[in-house]
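Peer 1: with the sequence up front, the predicted model follows.
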Amino acid sequence: MDKLVVKGGARLSGRVKISGSKNSALPILAATLLTPEKCVLHNVPDLSDIRFMLEILAQLGSEVTFENGTVTTRAPKVKSETPYDLVRKMRASICVLGPIIARCGRATISEPGGCVIGDRPIDIHLKGLAMLGAESRSEGGNVYVTSKELVGREIFLGTKFGSTVLGTDNVMMAATRAKGVTIIESAACEPEVRDLADVLVKMGAKIVGHGTRRVEIEGVDGLGGCEHTIIPDRIEAGTFMVAGLITGGDVFLDGANGDHMINVIDRMKSCGAELKCSGEGIQVAAPRKLSSIDLVTETYPGFPTDMQAQMCALMSVTPGISAITEKIFPSRFMHLSELRRMGAKVDLEGSTAIIHGVKELSGAPVMASDLRASAALVLAGLVAGGTTEVNRVYHIDRGYEHIDQKLRALGAEIERVR
Ligand code: EPZ
């Protein structure tokens with residue numbers, strides 16, 4: 001099992017290339033099941049979650065290649081039974097449900113279990129698909145979905161936390177092949193949902209309103225192939241933004257799209273960061289002294305929950321008291337106990353982390369628990385005195401392409417130890 005060994009103290013500077021978005025690529029890969037024609041996707045990040053999804057597509061009958069960031073798929077026929085062992089391991093694979101139902105009229109998929117960031121229900125996915133005419137029943141950890149035909153209608157997809165990203169994706173993909181018009185109210189507006197809709201439109205779908213809370217899809221008889229370049233990963237960009245700030249550095253996020261990060265940019269400016277956005281990327285320079293801030297995670301365009309752990313790391317070494325409230329996954333605080341081991345002063349009150357900034361963290365062996373928590377521990381290690389060992393690095397490899405190489409190129413002292 002690999003671990004990352006980080007020696008704190010280096011000030012990061014230079015350019016880092018931001019990879020394609022994992023959370024855009026995953027549903028777009030699932031969407032290729034909607035057509036028997038060839039799809040070509042560029043700027044796909046080489047991550048274990050992506051390779052997992054490619055394996056699932058292959059087992060469903062798609063011919064898949066992946067070379068130099070480009071994926072080609074061709075799915076002449078699609079099986080309706082998803083591979084249990086693969087789907088169990090990656091919650092995001094639930095987004096093959098909509099395409100399989102649209103293509104096959106039925107689907108069998110294992111109920112995604114919970115994960116360390118909290119419960120991961122799919123009740124709203126199933127409710128939306130049921131409203132299109134796809135009945136589902138859960139039995140023995142599997143969900144069996146059948147639909148004689150899909151018929152469009154108005155569907156409210158709100159959850160008690162706001163909207164659902166993959167739930168919106170599933171219903172939108174199924175609706176492309178439903179009879180008539182589907183209107184999704186309380187749709188997720190994340191840039192990744194919009195990127196998926198842009199791909200579906202390229203495939204011949206009729207969609208308007210994507211990227212807003214109200215999306216209208218007029219069903220079509222069939223979808224064709226497409227060629228598309230995946231948008232940059234705004235969470236990777238935000239993570240490297242914090243890496244620059246936490247080390248008092250000055251980094252250029254090559255390829256980052258500031259339009260997808262308005263809230264993150266606003267909160268970083270409140271910390272005192274100097275940020276310059278251009279067509280090429282975002283320049284991030286740390287102030288002499290960071291200011292503590294309060295923040296709340298919300299659905300887009302709010303502050304992203306996937307950046308919450310990284311902000312806890314940053315605030316743990318920022319003078320003053322910060323309050324970070326998690327409203328999407330209220331128990332997404334596995335990183336706090338590990339940050340405490342490094343000397344962070346943080347209390348959890350309900351789903352709010354109250355952080356008293358300390359002068360210095362001290363390096364320690366820590367345990368990664370989920371994708372973003374592990375990134376936060378690496379960020380803390382960059383600034384902690386001494387050496388930090390982040391174990392179970394497979395978590396980080398799920399969502400960050402060559403993070404150790406990219407950080408080393410910016411001047412960090414970080415090694416991957418087999
Ligand atoms: C996507 O997950 C992302 N994953 C997550 O990123 C991200 O944290 C999340 O959206 C929120 O932005 C991918 O895009 C692959 P949700 P998703 O459905 O779609 C509740 C990462 O680190 N809910 O938007 O699964 C749910 O429990 C990952 O890259 C229901 O109650 O998340 C949560 O509290 C982690 N019923 C809230 O809604 C449902 O049927 C938002 O979840 C569905 C969701």
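Peer 2: That came through, no problem.
Peer 1: what secondary structure does Leu379 sit in?
Peer 2: Assigned by DSSP: H, G, I helix; E, B strand; the rest coil, the conformation of Leu379 is helix.
Peer 1: how close does it sit to Leu41?
Peer 2: Distance of Leu379 to Leu41, given as Cβ to Cβ, to the nearest Å: 30 Å. Using the backbone N, CA and C atoms, a C-beta is placed for each residue, glycine as well.
Peer 1: one more: Thr72?
Peer 2: Where Leu41 is concerned, Thr72 sits at a distance of 8 Å (Cβ to Cβ).
Peer 1: higher neighbour count, the two?
Peer 2: Leu41 (24 against 17; other Cβ atoms under 10 Å).
Peer 1: that one contacts Met203, correct?
Peer 2: No. Applying Cβ atoms under 8 Å as the test, Leu41 and Met203 come out as separate, 11.8 Å apart.
Peer 1: now do the contacts for the residue located most distally from the centre of the chain.
Peer 2: Residue distances from the centre of the chain (Cα atoms, centre = their mean) peak at Lys148, which lies 33.0 Å from the mean C-alpha position. Residues counted as contacts of Lys148 (Cβ atoms under 8 Å, 6 or more residues apart in numbering) are 105, 133.
Peer 1: what's the closest residue to Ile230 other than its chain neighbours in contact with, if anything?
Peer 2: Among residues not flanking Ile230 along the chain, Gly20 sits closest, at 3.8 Å (Cβ to Cβ, 6 or more residues apart in numbering). By Cβ under 8 Å, 6+ apart, Gly20 lies in contact with 42-45, 69, 229-233.
Peer 1: rerun at 6 Å
Peer 2: Residues near Gly20 by Cβ atoms under 6 Å, 6 or more residues apart in numbering: 43-45, 230.
Peer 1: what does this protein put close to the ligand?
Peer 2: 23, 26, 92, 119-125, 159, 161, 164-167, 192, 305-306, 328-329, 371-372, 399 (Cβ under 6 Å from any ligand atom).
Peer 1: packing partners of the helix or strand of the chain with the lowest mean pLDDT?
Peer 2: Within the chain, no helix or strand scores below helix 84-89, which has a mean of 84 by mean pLDDT, DSSP states H and E. Helices and strands touching helix 84-89, by 3 or more Cβ pairs under 6 Å, 6 or more residues apart in numbering; DSSP states H and E, are strand 106-110.
Peer 1: let's go with 10 Å and repeat that
Peer 2: In terms of contacts (3 or more Cβ pairs under 10 Å, 6 or more residues apart in numbering; DSSP states H and E), helix 84-89 is packed against helix 48-59, strand 106-110.
Peer 1: winner for burial among these?
Peer 2: Compared across those, strand 106-110 shows the largest average neighbour count, a mean of 21 (mean count of other Cβ atoms under 10 Å).
Peer 1: what's the helix or strand for the closest residue in space to Met131 that isn't next to it in sequence?
Peer 2: Ranked by Cβ to Cβ, 6+ apart and with sequence neighbours excluded, the top spatial neighbour of Met131 is Ile155, at 4.8 Å. Ile155 is part of strand 154-156 when elements are defined by DSSP states H and E.
Peer 1: ok, that strand: who's next to it in the sheet?
Peer 2: Sheet pairing here is set by DSSP bridges, and for strand 154-156 it gives strand 181-185 (parallel).
Peer 1: so for the partner strand, what gets flagged as buried?
Peer 2: Across strand 181-185, burial judged by 16 or more other Cβ atoms under 10 Å covers 182-184.
Peer 1: any stretches of the stretch 51-200 of the chain with poor pLDDT?
Peer 2: 113-114 (pLDDT under 70).
Peer 1: what about the strands in it?
Peer 2: Along the stretch 51-200 of the chain, counting by DSSP state E, counting those that start in this stretch, strands occupy 63-67, 70-74, 106-110, 135-139, 142-146, 154-156, 181-185.
Peer 1: repeat for the stretch 301-418 of the chain
Peer 2: 321-325, 345-349, 352-356, 365-367, 387-391, 413-417.
Peer 1: a markdown table for the ones you listed, including distance to Gly244 and mean neighbour count?
Peer 2: What follows is these, written out as a markdown table (distance: least, Cβ to Cβ, whole Å; neighbours: other Cβ atoms under 10 Å):
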| stretch | distance to Gly244 | mean neighbour count |
| --- | --- | --- |
| strand 321-325 | 19 | 19 |
| strand 345-349 | 22 | 14 |
| strand 352-356 | 20 | 20 |
| strand 365-367 | 22 | 20 |
| strand 387-391 | 18 | 21 |
| strand 413-417 | 15 | 16 |
